[in-house]
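**Q** Provided below are the primary sequence and the corresponding predicted coordinates.
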Amino acid sequence: MTTTSCTTPHPPAWDELVAAALLGTERRTPPVQPRPGRDPAAALLDEAALRTVQRRAALLPAAAGARPEAAPDDPRPPLPAAAARRLALLLADRAGSGGGRQGSAPDLTELLPQWLTAANGHGHRAPAALLPGLLDAARARSDLRSEALALAGPRGLWLARLNPQWAYALRGTAAGSAALPAAAGEQVWHEGLFAERVALLASLRRGDPAAARELLATTWAEERAEDRLMFLDTLREGVSLADEPFLEQALSDRSRNVRALAAELLSALPGSALAARMAERARACVALDVAGTREDRRIAVEAPPECDSAMQRDGVVAKPPSGRGERSWWLTQLVEAAPLATWYERLGVTDAAGAVALPVADGWQPDLHAAWCRAAVRQRDADWARALLGPATAPPAPEGAAWRDPAKLLSALPPAERAAWVADFISAHGLSDAFRLLGVCTVPWAEPLGRAVVDALDIARDAGSYPWSFSGVMGMAERCLDPAEAGRLEVLTAVPDTESAPPGAAGYWAEAFRRLVGTLRLRGVMHEELAGPTA
């Protein structure tokens, strides 16, 4: 058997063989010397076959690389033995069957994020033997990365440097560590990958907002437009009037998206110069019509006649979306960027409820209230959000009031008030329109909210509703209900005797409640394990 067709002293590089094969021996001389009378193409194929076997068989001998440095110490206490075993089971389930539901068994893939959050709350470190599985899980699911890397700690980052598949950990944490020396941070900022630079800037912003802003300013003029947009978005966290000079300069950026984001950030600062300019424009468009008696008072609106260059510099987009009038589009942008305190004196009211209660002339109420809603969310103003939400027990908004987005307005309320409002909403209107509202409530749900959800599910079951319509809420309840509720829910695990239920629905309801109770109990056990004695 012929072992080689190459008579050259050094075997050709694999890339050279591939290039010659792709281009053909007529266009590129093959990097092999065929024997006399031998076709060059055949010699190339022989050489490729030999090299393929060599590549599959083993690596060529090479000098030994430097040994990795020792793993750093992690001073945090180890996980309790029972909690460590639980983590191993959760990671094994993820890597094996992929988790998911099997009858009434809990969905372990959905319990892993909660377990990680709880473990970090106790300040434990992950067992060294489980670090590879933990890093693999976080690589597959980006929603796990923050908590998984926190649990993995410095040893997880050390291990990630040895495997290119775990490079996400270095981009997201190591490069952005606030503990990096100043010189190392400068090097990452000027030489690192984009993701590394974003992580560094975000981490620095959390620890030293001014330093992050100053670092961004050093390279701002040379950055690409899409990169400037991402970097500017990191200033959203903790934005303050100290950022105003930088953001004012960004209003003149050559990128429209960057200008719009800078204007949005400035409008979230009621004391900014941009907010004052927007307030002046909005006051010229919205006023109190005092003609007639006091009971006849109403808000008069005159939309701006044009969108001049100064308005556009302050973030007003001139071209409206399809189907939207230009003047109403300009008006809402002005109002949502103006400080909400503007309207007390302008409308002769003392609070947000008084402004919201005033009638609006000529059908401008949807546009005006929609802009106030966005302003309340942007400025995190609970009083205005509360007034625009109205009572949770009120009838659903009519067709023309689609401007109100309760889920976004709820985000501006304190967590306890948010949960109470959603509980009242569910008690009055059921679960059909509550899914998005539940998503903004703090976990675990407060007792009144949890009770309202369970009662609504029980009512839906007894009414013969299709159970599959509530699978999303049921899954959310498994993750968000207080584990202490498990005992109270035991009575719901029996198969209901409901003649009006669709075929198979009764069994589904019973199985779903059994899964809910089992998941809550398992979550309770997990918390007990994490609170136990360390290994």
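**A** Here it is on my side, so go on.
**Q** Break down the chain into its strands, ranges please.
**A** 286-289, 298-301 (DSSP state E).
**Q** got any ranges where the protein has weak pLDDT?
**A** Scanning the chain for pLDDT under 70 picks out 1-11, 58-62, 94-104, 171-184, 291-295, 396-403, 496-504, 534-535.
**Q** Where does the record place the domain boundaries for it?
**A** Annotated domains of the chain cover 14-56, 107-174, 271-391, 414-531 [automatic domain parsing].
**Q** now the ones you listed as CSV including distance to Asp253 and mean neighbour count?
**A** (Glycine included, C-beta is placed from N, CA and C.) Listed next are those as CSV, based on distance: least, CB to CB, whole Å; neighbours: other CB atoms under 10 Å:
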stretch, distance to Asp253, mean neighbour count
domain 14-56, 43, 14
domain 107-174, 26, 18
domain 271-391, 10, 17
domain 414-531, 32, 17
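**Q** can you redo those as CSV with distance to Leu200?
**A** Below are the domains of the chain laid out as CSV (distance: least, CB to CB, whole Å):
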stretch, distance to Leu200
domain 14-56, 35
domain 107-174, 10
domain 271-391, 27
domain 414-531, 30
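**Q** Can you check which of those domains gets nearest to Pro78?
**A** domain 107-174 (6.1 Å; CB to CB).
**Q** from the chain's centre, how far out does the closest one sit?
**A** 17 Å (CA atoms, centre = their mean, to the nearest Å).
**Q** out of the strands of the chain, which comes closest to Ser309?
**A** Per CB to CB, nearest to Ser309 of the strands of the chain: strand 286-289, 22.5 Å.
**Q** That closest one - contacts with which helices or strands?
**A** Contacts defined by 3 or more CB pairs under 8 Å, 6 or more residues apart in numbering; DSSP states H and E place strand 286-289 against strand 298-301, helix 342-347.
**Q** Including distance to Ala260, could the strands of the chain go into JSON lines?
**A** Listed next are the strands of the chain as JSON lines, based on distance: least, CB to CB, whole Å:
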{"stretch": "strand 286-289", "distance to Ala260": "23"}
{"stretch": "strand 298-301", "distance to Ala260": "24"}
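**Q** ok, back up a step: would a markdown table of the helices and strands packed on strand 286-289 with distance to Arg256 be doable?
**A** A markdown table is the format used below for the helices and strands packed on strand 286-289 (distance: least, CB to CB, whole Å):
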| stretch | distance to Arg256 |
| --- | --- |
| strand 298-301 | 27 |
| helix 342-347 | 26 |
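**Q** And those: which comes nearest Gly156?
**A** Relative to Gly156, the nearest member of the helices and strands packed on strand 286-289 by CB to CB is helix 342-347, separated by 49.9 Å.
**Q** what sits up against the closest one?
**A** If you take CB atoms under 8 Å, 6 or more residues apart in numbering as the criterion, helix 342-347 is touched by 279, 282-283, 286-288, 299, 349-351, 354-355, 358.
**Q** correct me, but Ala282 touches Ala338?
**A** Yes - the pair Ala282 and Ala338 passes the contact test of CB atoms under 8 Å, sitting 4.1 Å apart.
**Q** Once you drop chain neighbours, what's closest to Ala416?
**A** Excluding the flanking residues, the one nearest Ala416 by CB to CB, 6 or more residues apart in numbering is Ala446, at 6.5 Å.
**Q** let me fix that: Arg205
**A** Ala212 (3.9 Å).
**Q** follow-up on the earlier one: out of the contacts of helix 342-347, who's nearest Glu244?
**A** Ala279 (15.4 Å).
**Q** need the longest helix for the chain.
**A** Ranked by number of residues, the top helix in the chain under DSSP state H is helix 505-531.
**Q** tell me what that one is packed against?
**A** Against helix 505-531 (3+ CB pairs under 8 Å, 6+ apart) you get helix 81-95, helix 108-122, helix 471-480, helix 486-489.
**Q** Rebuild those helices as CSV, extending it with distance to Arg145.
**A** Shown next, in CSV, are these (distance: least, CB to CB, whole Å):
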stretch, distance to Arg145
helix 81-95, 14
helix 108-122, 10
helix 471-480, 18
helix 486-489, 30
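**Q** angle of the longest helix of the chain against helix 471-480?
**A** Calculated by axes from the mean of the first three to the mean of the last three CA atoms, to 10 degrees, helix 505-531 forms an angle of 20 degrees with helix 471-480.
**Q** how big is the angle separating helix 505-531 from helix 81-95?
**A** Going by the same axes, to 10 degrees, helix 505-531 makes 130 degrees with helix 81-95.
**Q** just the angle between helix 505-531 and helix 108-122, please?
**A** Using the same axes, to 10 degrees: helix 505-531 against helix 108-122 is 30 degrees.
**Q** any idea what sits nearest Arg327, other than its immediate chain neighbours?
**A** Nearest one to Arg327, counting by CB to CB, 6+ apart, is Ala303 at 3.6 Å.
**Q** ok, that neighbour - contacts?
**A** Contacts of Ala303 by CB under 8 Å, 6+ apart are 285, 327-328, 330-331.
**Q** If we use 6 Å, what do you get?
**A** 327-328, 331 (CB atoms under 6 Å, 6 or more residues apart in numbering).
**Q** would you list the residues you listed in TSV and tack on distance to Leu44?
**A** Output for the contacts of Ala303, formatted as TSV (distance: CB to CB, whole Å):
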residue	distance to Leu44
Arg327	72
Ser328	70
Leu331	72
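**Q** where exactly do the helices run in the stretch 201-350 of the chain?
**A** 209-219, 225-233, 244-250, 256-267, 273-285, 309-313, 326-337, 342-347 (DSSP state H, counting those that start in this stretch).
**Q** Quick one: closest of those helices to Arg155.
**A** Of these, nearest to Arg155 by CB to CB is helix 209-219, at 27.6 Å.
**Q** I'd like to know how far Ala43 sits from Leu162.
**A** 41 Å (CB to CB, to the nearest Å).
**Q** Apart from its neighbours in sequence, what residue is nearest Met278?
**A** Ala337 (4.1 Å).
**Q** Kindly report the same for Met476.
**A** Met476 sits nearest to Leu438 (CB to CB, 6+ apart), 5.8 Å away.
**Q** separation between that neighbour and Phe470?
**A** 12 Å.
**Q** do the same with Asp433
**A** For Asp433, the distance to Phe470 - CB to CB - is 13 Å.
**Q** Would you mind confirming that Leu44 makes contact with Pro31?
**A** No - applying CB atoms under 6 Å, one finds Leu44 not in contact with Pro31, separated by 8.2 Å.
**Q** nearest to Arg206, of the helices and strands packed on helix 505-531?
**A** Once the helices and strands packed on helix 505-531 are compared by CB to CB, helix 108-122 is nearest, at 16.4 Å.
**Q** got a list of contacts for the closest one?
**A** Contacts for helix 108-122 (CB under 6 Å, 6+ apart): 90, 93, 99, 147-148, 150-151, 479, 526, 530.
**Q** Quick check: closest non-adjacent residue to the residue nearest the centre of the chain.
**A** In the chain, the residue lying closest to the centroid (CA atoms, centre = their mean) is Asp143, at 8.0 Å. Distances taken as CB to CB, 6+ apart place Pro113 nearest to Asp143, at 6.4 Å, with adjacent residues excluded.
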